[in-house]
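**Q** Need a 3D model of the following:
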Amino acid sequence: MDLLRSLPLGLYLEQPVTWLHRLDPRVKLVWLMTFLAAPLLANPAWRIALVGLLILITLTAMIPLRVWRQQMGWLIFLCTLVFVLTAILPDGLNTNHQPRLPADELAFTRQPTPLPDPPPANPWYNPFGWGQNRPPAVKQQPSITKPLPQPTDYSYMLLRLGPFTITRRSLDLAIRVSTLLFTLIYSTNLYLLTTAPEEVTAAIENWMEPLRRFKIPVTEITLTLTLSLRFIPLVLEEIQNLVRSVSTRAINWKKLGMRRTIQVWLMVAERLLENLLLRAEQIASAMKVRGFTSPNQHRVQWHQFRFRVMDWLALAGMVLLWGIRILWGGEA
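**A** Next comes the predicted model:
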């Protein structure tokens, strides 16, 4: 199925078997939750460190370059684009403005306006003030304001390139958004890359065991998830077959027009739905023939859990990671 193999996400790597493949799926699921929860309320340095840790895990696992480039190439480009756009966009800093009018404006207007003092009167013998010494006029010097020396080298503006300005807040916001996007997508993708679908569902069922006390059908939910994951390749195969069948007929879409083109694709969608329902009915018939009545009575062990030394080391590393996160990774 070429369509399934060409997907950039959700592809399971069967060969080569790396040390990530050998880890217990429950441990990998806990590590995935760690990567999803650790960036919350964290400082930018911690978020960058998580991105570096994910890349280091990928390199130490010796994942082939073709897979690594297919999985991370477009994601690194997307995160870089988000980082650049967020850094040069306005940071949206909330500034406190001084009100133009006082808070007690009504009381202020009721106060009497003080009048200036009248000039002193001339004596009776010189009513016009002739011969009196007047004070010399004071020349007003132009006021020149010099910038005050700053006690530190702190600057809110980090870089200014023409109309683009990078501030401390915009840079911090760019790091947060881009690293969170990379961690969210790539950690999930790395988990699916090194974990089989049966192992994923088995790990989820194992961690959902306490919910049985609340009468939640854990086995039914897990079985539905397993069948859904197994049904995805069938859906992609049917889509690929229908697309190839349409392309081999060499239809001239320009002569059909918009209306008849929509009718053709509606017929293809209807055929796809019929094929998928037929496949689902075949799976249900196969389960009935094999005597499958309920998941609790006919449980299928998809994966045998076994803790090894590497699993315990992975759990110890996760505890150490959370310790560093609590001590130095929080926001200031």
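**Q** where do the helices sit along the stretch 201-332 of the chain?
**A** For the stretch 201-332 of the chain, the helices defined by DSSP state H, counting those that start in this stretch occupy 218-248, 253-289, 309-328.
**Q** Looking at those, spot the one closest to Val30.
**A** helix 309-328 (6.6 Å; CB to CB). In short, each C-beta sits where N, CA and C put it, glycine included.
**Q** From the contact counts, what lies against the closest one?
**A** Counting contacts by 3 or more CB pairs under 8 Å, 6 or more residues apart in numbering; DSSP states H and E, helix 309-328 packs against helix 25-37.
**Q** before we move on, the earlier item: winner for burial among the helices of the stretch 201-332 of the chain?
**A** helix 218-248 (a mean of 15; mean count of other CB atoms under 10 Å).
**Q** can you state the direction angle for that helix and helix 253-289?
**A** Helix 218-248 runs at 150 degrees relative to helix 253-289, counting by axes from the mean of the first three to the mean of the last three CA atoms, to 10 degrees.
**Q** Who are the packing partners of helix 218-248?
**A** Checking 3+ CB pairs under 8 Å, 6+ apart, helix 218-248 ends up next to helix 2-5, helix 197-207, helix 253-289.
**Q** Low-confidence stretches in the stretch 101-250 of the chain?
**A** Scanning the stretch 101-250 of the chain for pLDDT under 70 picks out the ranges 101-115, 124-125, 127-147.
**Q** mind redoing it with 90?
**A** 101-170, 189-190, 192-250 (pLDDT under 90).
**Q** Can you list the residue ranges for strands in it?
**A** For the stretch 101-250 of the chain, the strands defined by DSSP state E, counting those that start in this stretch cover 157-161, 164-167.
**Q** in its sheet, what does the shortest one sit against?
**A** So that's strand 164-167. strand 157-161 (antiparallel) (DSSP bridges).
**Q** And the contacts of the partner strand?
**A** Residues outside strand 157-161 that contact it (CB atoms under 8 Å, 6 or more residues apart in numbering): 165-168, 171.
**Q** Tabulate the residues you listed (TSV), appending neighbour count and distance to Leu315.
**A** Listed next are the contacts of strand 157-161 as TSV, based on neighbours: other CB atoms under 10 Å; distance: CB to CB, whole Å:
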residue	neighbour count	distance to Leu315
Thr165	17	46
Ile166	18	41
Thr167	19	41
Arg168	14	38
Leu171	18	36
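**Q** Sort out which one of these lies nearest Asp24 for me.
**A** Leu171 (39.7 Å).
**Q** With adjacent residues omitted, what lies nearest to the closest one?
**A** Distances taken as CB to CB, 6 or more residues apart in numbering place Ala87 nearest to Leu171, at 5.6 Å, with adjacent residues excluded.
**Q** Mind listing what's buried along the one helix or strand that neighbour maps to?
**A** Per DSSP states H and E: Ala87 is located in helix 65-88. Neighbour-count burial for helix 65-88 flags 68, 70-72, 75-76, 79, 82-83, 86-88 (criterion: 16 or more other CB atoms under 10 Å).
**Q** Packing partners of it?
**A** Using 3+ CB pairs under 8 Å, 6+ apart: helix 65-88 touches strand 164-167, helix 168-193.
**Q** got a markdown table for those, with distance to Ala203 too?
**A** Converted to a markdown table, the helices and strands packed on helix 65-88 look like this (distance: least, CB to CB, whole Å):
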| stretch | distance to Ala203 |
| --- | --- |
| strand 164-167 | 43 |
| helix 168-193 | 10 |
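**Q** deepest of these, which one?
**A** Mean neighbours per residue, mean count of other CB under 10 Å, is largest over the helices and strands packed on helix 65-88 for helix 168-193, with a mean of 19.
**Q** now that helix against helix 65-88, angle please.
**A** Using the same axes, to 10 degrees: helix 168-193 against helix 65-88 is 160 degrees.
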